[in-house]
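> Fold the following, please.
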Amino acid sequence: MRMRNLYRKPTALRCNAGSRCYSTSAVIWSLLGCLLLFHLYSNVHHKHGEGREVQLRVTNHPQLHELQQVEGEIIQLPPKGKRSPRAAKRRHKRVTPLVDEFLDEDSRLRHVFFPGNKSAIHPMRVTGNDSYYYYPGRIWLDTDGNPIQAHGGGILYDERSHTYYWYGEYKDGPTYHAHKRASARVDIIGVGCYSSKDLWSWKNEGIVLAAEESNVTHDLYKTNVLERPKVIYNEKIRKYVMWMHIDDANYTKASVGTAISDTPDGPFEYLGSQRPHGYESRDMTVFKDEDGVAYLIYSSEENNVLHIGPLTEDYLNVIPVMRRLFVGQRREAPAVFKHQGTYYMITSGCTGWAPNEALVHAAESILGPWETMGNPCVGGNKMFRIATFLAQSTFVLPLPGFPGSFIFMADRWNPANLRDSRYVWLPLIVEGPADHALEYSSGLPLWSRVSIYWHRKWRLPQGWSTFK
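I've put the predicted structure just below:
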């Protein structure tokens, strides 16, 4: 039986399972196959030998082994007769019972999904062995003791100040619906910014891009939509450039906006919006490659296709080059990262506020072709994994000094009270090769496996900060 390996890199060499192979051809192809495998091994060993030694050293780090331990999660669902009638009327018919319960604001499990203030993490008050631990889903306070407001965001490491800056949607306002069938929303307040040296204690730098209070025609007028802000630094113009999803209350504008600043902590000057390449743009992100070229990735064509294309040298516009990805698959919330020359992307399905199954994709070139590898979530329980731990991807941050180790950043949205949405940060590790069955062809080498490990409580490996 021929089995397809979802982690296998694309190859031009194929063998038809139904074709007949004669003895001479078999011998020739066998010799060629041996030579090809030897050549591949030699090249990989020569070119990536150093990287493999580093990866081996990282894998042997005891705390990384600890992060890769599979941790279970037992969530006891209430009996059907004791669930809220709202659960039976959900618009999303394909959600699991766990997601159904998650969306029910009267659920008995509300404290499990959104723990109360007593369990909040205050970095200035936690001491001793509890310091520097992440607790996914708990309230996370800044250094002033207020809940962090940086949803749908991303992180910039500023090399000049050796500081991390976390940008995101500042949703500290009342949740309402623009009209009866509209999604839950909060008026634009602006983009929040937080700074940190350790990725755990965050100082509030204020709102670095504020809403427009009086001009109703402005993109940032408070009743419009500002989502998923991401910031990258452009060395040529010496500006910090912010890209974001700009929309109206009905999500019909479907555009991207840009803003610039001389400093990472703002204020940012808003430049305007556009439909990139002439197409709709909703959930989006930007990715800056090692060569300095930056790319815009956005959900388009009624969220049926992801688009990707490079930015201009100043990062303020797109150039007329674009590729369509995952056609008809309805993917959003892209988060792109790179490891040992391979590009990876985490995406979410389009199910509104209902969490769904994440997928990881990989490519040799950022413009594709991209291949889907499957669900990266490990641990918890089955319902937890197919709901991405009740969260949605927003960013993947490399962990300095530990190749193949990243922080997966996601939002646990609370559609009943968006200001109380939570953060789910978890260890993401790229390590391989894949453990799936192989297709019997010459499709080597394999993609490395991408895993996001569930933990109720975890911390970064000791010594990571020494590599900044």
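
> A helix includes Lys383, no?
Quick fix: residue 383 reads Met, not Lys. Yes. Counting by DSSP: H, G, I helix; E, B strand; the rest coil, Met383 falls inside a helix.

> What separation do you get for it and Gly309?
Relative to Gly309, Met383 is positioned 37 Å away (Cβ to Cβ, to the nearest Å). For glycine as for every other residue, the C-beta is placed from the backbone atoms N, C-alpha and C.

> can you give me the strands in the stretch 201-350 of the chain?
Ranges of strands within the stretch 201-350 of the chain are 203-210, 225-234, 239-247, 255-261, 269-274, 284-288, 294-300, 305-310, 323-325, 331-339, 342-349, based on DSSP state E, counting those that start in this stretch.

> could you give the mean pLDDT of the fifth one?
Okay, so that is strand 269-274. What strand 269-274 shows for mean pLDDT is 98.

> List the neighbouring strands of it plus their orientation.
Paired neighbours of strand 269-274 in the sheet (DSSP bridges): strand 255-261 (antiparallel).

> Output the strands of the stretch 201-350 of the chain in JSON lines, with distance to Val450 and mean neighbour count appended to each entry.
Formatted as JSON lines, those follow (distance: least, Cβ to Cβ, whole Å; neighbours: other Cβ atoms under 10 Å):
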{"stretch": "strand 203-210", "distance to Val450": "32", "mean neighbour count": "19"}
{"stretch": "strand 225-234", "distance to Val450": "21", "mean neighbour count": "24"}
{"stretch": "strand 239-247", "distance to Val450": "25", "mean neighbour count": "25"}
{"stretch": "strand 255-261", "distance to Val450": "27", "mean neighbour count": "21"}
{"stretch": "strand 269-274", "distance to Val450": "33", "mean neighbour count": "16"}
{"stretch": "strand 284-288", "distance to Val450": "16", "mean neighbour count": "24"}
{"stretch": "strand 294-300", "distance to Val450": "17", "mean neighbour count": "24"}
{"stretch": "strand 305-310", "distance to Val450": "18", "mean neighbour count": "21"}
{"stretch": "strand 323-325", "distance to Val450": "17", "mean neighbour count": "17"}
{"stretch": "strand 331-339", "distance to Val450": "9", "mean neighbour count": "22"}
{"stretch": "strand 342-349", "distance to Val450": "6", "mean neighbour count": "24"}
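
> between those strands, which gets nearest to Pro400?
Comparison of those against Pro400 by Cβ to Cβ identifies strand 331-339 as nearest, at 13.4 Å.

> elements contacting that closest one?
strand 284-288, strand 294-300, strand 305-310, strand 342-349, strand 392-398, strand 405-412 (3 or more Cβ pairs under 8 Å, 6 or more residues apart in numbering; DSSP states H and E).

> what about 6 Å?
If you count contacts as 3 or more Cβ pairs under 6 Å, 6 or more residues apart in numbering; DSSP states H and E, strand 331-339 packs onto strand 342-349, strand 392-398.

> export the ones you listed to a markdown table and tack on distance to Phe268?
Converted to a markdown table, the helices and strands packed on strand 331-339 look like this (distance: least, Cβ to Cβ, whole Å):
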| stretch | distance to Phe268 |
| --- | --- |
| strand 342-349 | 26 |
| strand 392-398 | 18 |
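
> Now render those strands as CSV, adding distance to Ser281 and mean pLDDT.
Listed next are the helices and strands packed on strand 331-339 as CSV, based on distance: least, Cβ to Cβ, whole Å; pLDDT from 0 to 100:
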stretch, distance to Ser281, mean pLDDT
strand 342-349, 15, 97
strand 392-398, 16, 98
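
> closest one to Arg228 among the ones you listed?
With distances scored as Cβ to Cβ, the stretch of those nearest to Arg228 is strand 392-398 (6.9 Å).

> circling back to that earlier point, how about the helices and strands packed on strand 331-339, which one is nearest Gly145?
Using Cβ to Cβ, the helices and strands packed on strand 331-339 put strand 392-398 closest to Gly145, at 24.1 Å.

> helices or strands up against the closest one?
When contacts are defined as 3+ Cβ pairs under 6 Å, 6+ apart, strand 392-398 packs onto strand 151-158, strand 331-339, strand 342-349, strand 405-412.

> what does the longest one rub up against?
In this structure, residues lying in contact with strand 331-339 by Cβ atoms under 6 Å, 6 or more residues apart in numbering are 283, 285, 287, 297, 299, 303, 306, 344-348, 350, 392-393, 395-396, 404, 430.

> Can you name the residues bridging to the nearest residue to Thr163 once chain neighbours are set aside?
Distances taken as Cβ to Cβ, 6 or more residues apart in numbering place Ser195 nearest to Thr163, at 5.3 Å, with adjacent residues excluded. Following DSSP bridges, Ser195 is listed with bridge partners Tyr165, Lys203.

> just Glu169 next, same as before
According to DSSP bridges, beta-bridge pairing links Glu169 with His151, Val191.

> Let's see the distance spanning stretch 379-387 from one end to the other.
Across stretch 379-387, the terminal residues are separated by 12 Å (Cα to Cα, to the nearest Å).

> now that stretch: mean pLDDT?
Model confidence over stretch 379-387 averages 94 on the pLDDT scale.

> returning to that earlier point: of all the helices and strands packed on strand 331-339, which one comes closest to Leu325?
strand 342-349 (8.4 Å).

> Describe which strands that closest one pairs with in its sheet and in which direction.
Here strand 342-349 is paired, per DSSP bridges, with strand 331-339 (antiparallel), strand 359-363 (antiparallel).

> With mean pLDDT added, can I get the ones you listed in TSV?
Compiled in TSV, the strands paired with strand 342-349 are given as follows (pLDDT from 0 to 100):
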stretch	mean pLDDT
strand 331-339	97
strand 359-363	96
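
> Just send those back as a markdown table, with distance to Ile148 too.
Formatted as a markdown table, those follow (distance: least, Cβ to Cβ, whole Å):
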| stretch | distance to Ile148 |
| --- | --- |
| strand 331-339 | 19 |
| strand 359-363 | 26 |
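
> Could you point out which of those strands sits nearest Val293?
strand 331-339 (12.0 Å).

> Report the angle between that closest one and strand 405-412.
Counting by axes from the mean of the first three to the mean of the last three Cα atoms, to 10 degrees, strand 331-339 lies at 170 degrees to strand 405-412.
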